[in-house]
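[1] here's a sequence, model it:
(2 chains)
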Amino acid sequence: MTKRFRPDVDAPEWKGGHTPYDIVKEGAIALLVVAILTLLLAIIFGSPDESAITLKSWSNAAPVDFAQDALSQLNGTSETATYGPPYNNASVGQELGPLSLAKWVGATMSFNPAKAFVIDPLKTQPFQTALSGALKKWSDASSITRHTWVTNYTNGAAHMTWRNGAIVVKASDSGPVPVFINDLTDMARTGALDAVLTHQGDFYTTNYTLPLLFLEDGNYLANTATHQHLAGDQWGMMNETGDYPGQAWLWLYTFWYQVPPFNSSGNGDILVWALMMLLTLLLALVPFIPGLRSIPRKVKIYRLIWKEHYRSLESTAVPPIT
Amino acid sequence: MSTEIDRQWTNRLRRRALKLLPPEKLMPDTQPTYVSSWIYVFGVTTMAALAVVIASGCLLALRGPQWWHTSSVGLFVNSLHLWSVEIFFFAMVIHLWGKYFMAAWRGGRALTWITGVVTFVTSVATAFTGYLSQTNFDSQWISTQAKDGINATGGGAYWNVLNTGQMLMWHIVLLPIAVVALVALHVLLVRVKGVVPPFEEPVKVGADR
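    So this is what the prediction gives:
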């Protein structure tokens, strides 16, 4: 029995002619053309290289924003402190319906932001009477007392200012918190905090998780990115600084972040990822999906591609004898 | 009676490879007449761009990941790397859509199509880790924004986009090996199965006369 021919799955056997084809020459010419084109584009347009923001440059440019970030680590309201997995268990993370993927994997990089971003860096500072006293006071205090100090300082921090080289907050009964915030800001302004957060006691390092999380928790990074048209609602991370094409191939991924429900849902990231994984799977499995695999035959764009072939068939066909 | 040499794994593998892909199929000197369109150029262009991407990446690697920030020569090599990547994706996307509209999976070529799509996705990951490895403002911004999506899947627990060293190693070792291997497999499959023939259509007699 002859198997039924399925036009979207089977291909006719080619019984037509062949033409000479020099595959090595084709490859060599393609390589040469691409190399020259690359060279021309590189000479004409170059490439962007905006220097990284350091904790030093940030705290000197926007000391209040830096200090607010430090305070948010201390009072546990920063994005990192409330993030959930993989940094802590403060929340369950994003959920896809009944699937709590982040929670199931857990907090594999667990750390205490108040300790990691504020207290531990201050402990690395050379001896200073006020700071050493403040750290001892903090260490000796109960968690309730610490909470009271931080809350009192946070209440006054809505009107935080930078005056005469110091962070000024009108707050009473704040214990050592004002010393912590000021000394950490001073430490950052000298560049010492960059080294401490990056190296974390090691000589060599390639892991920037802590300084990047701390930097992201402030407003300075996001404000700079928005100024460069890189915010999430400005087609975000597919772009790069300057007028360069960036990762244009991420356009569909980035597109979902511009429209509801993805741009308003608390689970927007996992929704976008799930959708993109589904679409990628569909693309990979097109040959097996009825309907999708029939589109090329029905829209007939292939007639443009094989224009010569069909023209040749039509011109050589023998008309029926009448 | 088969000799000991005939039974060798080496001999069997060679016979099987030659049967599957004889030299005249691996490096053909003719092609079917229907392979006559500009769209066919984009496959080989993608491979040529990949070669330039790898070559410029190797040049960048010679002096280390931060050389290009302090040297005008390094910055130029970085520009070569950037623009070859742009050409690579431009050609690859056109190649992909061209193959879609040819329904190039027909005739037992589904695996060729799938390896093409997987190569595209792997290339996206490779380019993405490149942006994370730039050690500049773009890296800071892209990594801090991207972490939320990957963390939401649970993958961030093991694949930490804020760990520049991890991303750099993926960018210059693991993912390029994967892309090159996938491209090699894809091309071998194209050579084994040949280029997909056109759809059959009823011929309009004398239409072009």
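
[2] just say helix, strand or coil for the residue in the stretch 101-250 of chain A that chain B sits nearest to.
    Distance from chain B to each residue of the stretch 101-250 of chain A (C-beta to the nearest C-beta) is smallest for residue A:206, at 2.5 Å. Just so you know, the C-beta spots here come from the backbone N, C-alpha and C atoms, and that holds for glycine as well. Of the three states, residue A:206 takes coil under DSSP: H, G, I helix; E, B strand; the rest coil.

[3] not counting sequence-adjacent ones, nearest residue to it?
    residue B:165 (2.5 Å; C-beta to C-beta, 6 or more residues apart in numbering or on different chains).

[4] what do you get for residue A:37?
    Excluding its sequence neighbours, the residue lying closest to residue A:37 (C-beta to C-beta, 6+ apart) is residue B:87, at 6.3 Å.

[5] so residue A:239 makes contact with residue A:230?
    Yes: counting by C-beta atoms under 8 Å, residue A:239 does reach residue A:230; the two are 5.5 Å apart.

[6] quick one: distance of the longest helix that chain B contains to the chain centre.
    Using DSSP state H to define each element, chain B has its longest helix at helix B:72-101. Distance, stretch centre to chain centre, for helix B:72-101: 11 Å (C-alpha atoms, centre = their mean, to the nearest Å).

[7] and that helix, what's buried?
    B:74-92, B:94-96, B:98-101 (16 or more other C-beta atoms under 10 Å in any protein chain shown).

[8] repeat that for stretch A:104-121.
    A:105, A:107, A:109, A:111, A:113, A:114, A:116, A:117, A:118, A:119, A:120, A:121.

[9] how far does that stretch stretch from start to finish?
    By C-alpha to C-alpha, to the nearest Å, the extent of stretch A:104-121 from end to end equals 31 Å.

[10] residues in contact with that stretch?
    A:70, A:73-74, A:76, A:78, A:80-81, A:84-89, A:135, A:138, A:180, A:184, A:187, A:193, A:196-197, A:209-210, A:214, B:154-155, B:157-158, B:160 (C-beta atoms under 8 Å, 6 or more residues apart in numbering or on different chains).

[11] let's see it at 7 Å
    Stretch A:104-121 has contacts (C-beta atoms under 7 Å, 6 or more residues apart in numbering or on different chains) with A:70, A:73-74, A:76, A:78, A:80-81, A:85-89, A:180, A:184, A:187, A:193, A:196-197, A:209-210, A:214, B:154, B:157.

[12] show me where the stretch 1-150 of chain A has strands.
    Ranges of strands within the stretch 1-150 of chain A are A:18-20, based on DSSP state E, counting those that start in this stretch.

[13] mark out where each domain of the chain begins and ends.
    Using chain A here. A:55-224, A:229-284 (automatic domain parsing).

[14] nope, chain B
    For chain B, automatic domain parsing gives the domain ranges B:36-102, B:124-193.

[15] now mean pLDDT too, for those domains, in TSV please.
    Listed next are the domains of chain B as TSV, based on pLDDT from 0 to 100:
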stretch	mean pLDDT
domain B:36-102	97
domain B:124-193	96
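
[16] okay, the ones you listed in a markdown table with distance to residue A:296 next?
    Listed next are those as a markdown table, based on distance: least, C-beta to C-beta, whole Å:
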| stretch | distance to residue A:296 |
| --- | --- |
| domain B:36-102 | 5 |
| domain B:124-193 | 18 |
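
[17] nearest to residue A:267, out of those?
    Judged by C-beta to C-beta, the one of the domains of chain B that comes nearest to residue A:267 is domain B:124-193, at 7.5 Å.

[18] show me the strands in chain B, by range?
    Here chain B has its strands, by DSSP state E, at B:30-32.
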